[in-house]
Every structure is written in structure tokens, then in C-alpha cells.
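**Student:** Show me how the following folds:
(one chain, ligands or ions: 1)
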Amino acid sequence: MKLVINDVAVSFGHKNVLQDLSMTLESGGLIGLIGPNGAGKTTLIKVITTLLQPTQGTVLLDGVDIGRHPNVMRQVLGYLPQTVPYYPQLSAKAYLQYVAAIKGLPSKRGDQQIIALLQQLGLADVGKRKLAAFSGGMRQRVAIAATLLGDPKVIIVDEPTTGLDPIERIRLRNLLSSLASDRIVLMATHIISDVEAVANDILLLQAGHLLFQGTALDMMQAAKKQVWEYILPFGQQPRTGAVVSGIIQESDGVHVREIASGKPTADAVLIEPHLEDASMVLLDSQVSQR
Ligand SMILES: Nc1ncnc2c1ncn2[C@@H]1O[C@H](COP(=O)(O)OP(=O)(O)OP(=O)(O)O)[C@@H](O)[C@H]1O
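**Tutor:** Numbering: from 1, shown residues only. Take a look at the predicted model:
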């Protein structure tokens, strides 16, 4: 499957929220969508999920314009929004049966899928319990099961790991990654380590523009020779304006990880960038001006 985004723009009044966005998204590996608050991630997702018509441009799913034919997308879509509906009086199973019916799944097939998904998401023992008794993480897993019902070929998840503990988070990102082998799976997140662990293709948005598309390796390559480490005496802070991606108190002093295009202190040494450093390098235009 292939999703082609062609010169998409979205404006609300005079505010340009997305501008000149062009990209191709394909099945075969998880796509990670990252960017600071307000970058336009959710707006882009709304355009792809046909909840919002772009002000300009087109989105083609396997060659079909989904602006003109939204059902072509809707029939194959599993979408987990940032805020999910919550029905405390329903059991997890009853809620999933309700979603299955809305998705038009025959009840036998729906029930088979519900059993498999409850199992896959570690909810098999609590399927009959009311959602009111669920923790936030358990509720999120039910929402993920609802998203995956009907075996959608395009899966779009907006901040899916919110509220999940580290083990649940890893399980979910692995599940999404395995689903991506023959589906388009797009995951918007603020958690860079999730993207680093499972995304083949990373989209970095800033202020409505696509700043970068490529692999984690490509992104880290872009940050080479811009990440430094140095040690400060205890109690001393990095200088004002320094772009610092990490500070660790060690026995010999304060180890500072700083993004800079030139050597920030006399004893600073270049170190290998992590993906988080790389996103800071790409996002922080101040670095190139220093
Ligand atoms: N309906 C709307 N009317 C006006 N402005 C909007 C509307 N929806 C979004 N925006 C603005 O568009 C910009 C992008 O918002 P969006 O929610 O897409 O960003 P985001 O990258 O998903 O942010 P976050 O990481 O905080 O969820 C923000 O400045 C937001 O205030």
C-alpha cells in the first residue's frame, strides 16, 4: 500500500498549520511522526484519516484521492485518536463488540478477533470486567484493541503509549512494528526512544513543515560532529543559551551533553549522537547560527 501526500497545506483563518507537505508513506515498516507541541502532527493525521479537508493539496491511497473518495480510506482505516471515548459501564468485551458492530464485522468474526486481541494485549483475564475498574494503561490497551478490530490495512495512532508503563509500551510498539510489515502504520509520538526502537521511516515536523524524512541512522548522521560531552565541577551550570540534551551527576563532576556546531568548552569531546540529540540538532536552528 502506498499513501502519497502531495503539496498539502492546512490553514485555520490566517494561521498556516501545515505548509507544502509532500511525502510518500508505504507499508513494510513502521513510520514514526515526531515534532514539538503544535508542529502539526495531529492536523496531518486528521487530513490522512479524512477528518479534515486540506486547504490545498491531495492525499492519494494507492492512487485514489481520499479527499474525493473518503470511504476508500475509511474502509481500511484503524485510527487511535489522542483522546479516546470511554464507556465506564461496559465491560472491555462488550465495548469491543460494540466497536466491531459499528465496523460492520459479522459477530462470529468479531468475537474471534476480540478474543485474539484481548489475548495479544494482555487483557484476556479481564475482558468481562467493567472499564470503570480499569487502570489508565488498561483502558489504553482496550482502545488499541478497538483500533485493530477489523484488521485495518492503514493504522494511524496518535500518542498510543500515553499512560502505559515501560513494559506495556515496549509490547505495544513491538506489536505495531510487526503489523507494519504489510500495512501502513503511522505512530505520532513525543517519545523518541519508541521511534528509535521500531521506526524504519521517521517524519520530523516543525511549524507545519517536514523538516526531515528518513531512517534513524540518516537522522543521526545529520547530527554528527555536533554533539559534545564535557565535565563541569559540581554546582556549576552550563552557560546560558547552551542547548543541553543531558546532564548526569557522576563521581568526577557534572557530565554535560551539549549540541553545538563548534567546540563549546576547551575540554569538550565529540560523542556519537543519539536520536534525541539528532532531533534537537534538526529542530534547533540556533545551533547552525553559533
Ligand atoms: N481547529 C483549529 N483551529 C485553529 N487552530 C488549530 C486548530 N487545530 C489545531 N490548531 C493549531 O494548529 C497547530 C498544530 O496543532 P496540532 O494539534 O496539529 O499539533 P501537534 O503537533 O499535534 O501538537 P501536540 O504535540 O501538542 O499534540 C497548533 O498551533 C494548534 O493550536
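
**Student:** Does anything pack onto the helix or strand containing Gly57? Which helices or strands?
**Tutor:** Under the criterion of DSSP states H and E, Gly57 resides in strand 56-61. Taking 3 or more C-beta pairs under 8 Å, 6 or more residues apart in numbering; DSSP states H and E as the contact definition, the neighbouring helices and strands of strand 56-61 are strand 2-12. C-beta: built from backbone N, CA, C; applies to glycine.

**Student:** ok, residues contacting the helix or strand that comes right after the strand it packs on?
**Tutor:** Beyond strand 2-12 in the direction of the C-terminus, DSSP H and E gives the next helix or strand as strand 15-26. For strand 15-26, contacts defined as C-beta atoms under 8 Å, 6 or more residues apart in numbering pick out 1-11, 31, 40, 43-44, 47, 54, 57, 184, 186, 201, 203, 208-210, 213.

**Student:** quick revisit: list the contacts of the helix or strand that the strand holding Gly57 is followed by.
**Tutor:** Following the chain from strand 56-61 toward its C-terminal end, the next helix or strand by DSSP H and E is strand 64-65. For strand 64-65, contacts defined as C-beta under 8 Å, 6+ apart pick out 58-59, 72.

**Student:** Going by neighbour count, which of these are buried?
**Tutor:** Applying a neighbour-count criterion of 16 or more other C-beta atoms under 10 Å, the buried members of these are 59, 72.

**Student:** Would you format the contacts of strand 64-65 as JSON lines with pLDDT included?
**Tutor:** Shown next, in JSON lines, are these (pLDDT from 0 to 100):
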{"residue": "Thr58", "pLDDT": "97"}
{"residue": "Val59", "pLDDT": "98"}
{"residue": "Val72", "pLDDT": "97"}
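
**Student:** contact partners of stretch 159-169?
**Tutor:** With C-beta under 8 Å, 6+ apart as the test, stretch 159-169 has contacts from 80, 82, 122, 136-137, 139-141, 144, 172-173, 176, 187-191, 194.

**Student:** One more pass at 7 Å, please.
**Tutor:** Judged by C-beta atoms under 7 Å, 6 or more residues apart in numbering, the contacts made with stretch 159-169 from elsewhere in the structure are 80, 82, 136-137, 140-141, 144, 172-173, 187-189, 191, 194.
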